[in-house]
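# turn this into a model:
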Amino acid sequence: MEPETRSPYERALGSQLPELHPVLQRYFAAIPPGSVGIGEGIFERFGTERWWLRPLFGWLARRRVIVPGMHHKVPFRIENRTVAGYQTAARTLELESSTWTMVDAVSLSESGRVVDKLGRPALVEAAFDVAADDGGLSLSSRGVTVRLGAIRLPVPKVIRPVIALSERFDAEAARQYVRLTVHVPALGRVYEYTGSFTYRIEKET
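Numbers count the residues shown, from 1 in each chain. Now for the predicted structure:
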């Protein structure tokens, strides 16, 4: 059997792949061996207004999952790679007083959903439905699991975060736009980010 050369996103989208804007088709494709995808841009908003979540989010920040507080006009850099069938990303943010990096790795489940493992080591695992949407890409979470070593704890639906992400390309601005929201039942929105960036693929140095 030949090794799989498509990214998890390409496999999840299947026949919907041609519906993406060509720039997004390239962004969500597998990165060639020896190369890295580089995105550079600005997050207009990144984080949470919920001050009482700071202790929890502070711990999650140390695990490279999410960061406490709400931050504005944040410069960032993305590095995407394809490693052993995973689409990995490291997003480095230049915050007001520090530099912080969020890491994740995306794979494809047997059910055809993309599974995003966040943190180092992986702490949170979210399964998403993927769809092409008017030239852009939409992800909607269908399950969230907390990973504590070898133990996996699915989050019950009554308190399970609902994660929605959209990516689109604006040809006039020549920039890619990303928006993510996290809602928790009875609490509402607890996390978000929105921003734009340019993207290129280059050889590793």
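
# for the nearest residue to residue 74 once chain neighbours are set aside, pull up the helix or strand it's in.
Setting aside the residues directly before and after it, residue 74 is nearest to residue 43 in space (CB to CB, 6 or more residues apart in numbering), at 4.2 Å. Glycine gets a C-beta too; all of them are placed from N, C-alpha and C. Element membership of residue 43, judged by DSSP states H and E, is strand 35-47.

# now do the helix ranked longest in the chain: everything it contacts.
In the chain, taking DSSP state H as the definition, the longest helix is helix 54-62. When contacts are taken as CB atoms under 8 Å, 6 or more residues apart in numbering, the neighbours of helix 54-62 outside the stretch itself are 48, 66-69, 100, 119, 123.

# out of those, which two sit at the greatest distance?
Farthest-apart pair in these is 69 and 123; separation 19.4 Å (CB to CB).

# where does residue 140 fall, phi/psi-wise?
Summarising the backbone geometry of residue 140 under the convention degrees, to the nearest 10, its torsions are phi -130, psi 120.

# actually residue 112, sorry about that
Backbone torsions of residue 112, given as degrees, to the nearest 10, read phi 90, psi 10.

# I figured it hits residue 13, correct?
No: the pair residue 112 and residue 13 fails to qualify as a contact (CB atoms under 8 Å) at a distance of 9.8 Å.

# between these two, which is the more surrounded one?
Using other CB atoms under 10 Å, the more surrounded residue of residue 112 and residue 13 is residue 13, with 22 against 13.

# wait, that one touches residue 29, no?
No: at 10.5 Å, residue 13 and residue 29 do not qualify as touching, with contact defined as CB under 8 Å.

# for residue 179, list the residues it contacts.
Here residue 179 is in contact with 165-166, 192-194 (CB under 8 Å, 6+ apart).

# list the buried ones in stretch 128-141?
128, 130, 132, 136-139, 141 (16 or more other CB atoms under 10 Å).

# what pLDDT, on average, does the host helix or strand of residue 92 get?
Using DSSP H and E, residue 92 sits within strand 86-94. For strand 86-94, mean pLDDT rounds to 97.

# who are the packing partners of the longest strand anywhere in the chain?
Taking residue count as the measure and DSSP state E as the definition, the longest strand of the chain comes out as strand 188-203. Secondary structure elements in contact with strand 188-203, counted by 3 or more CB pairs under 8 Å, 6 or more residues apart in numbering; DSSP states H and E, are helix 22-27, strand 35-47, strand 70-83, strand 175-184.
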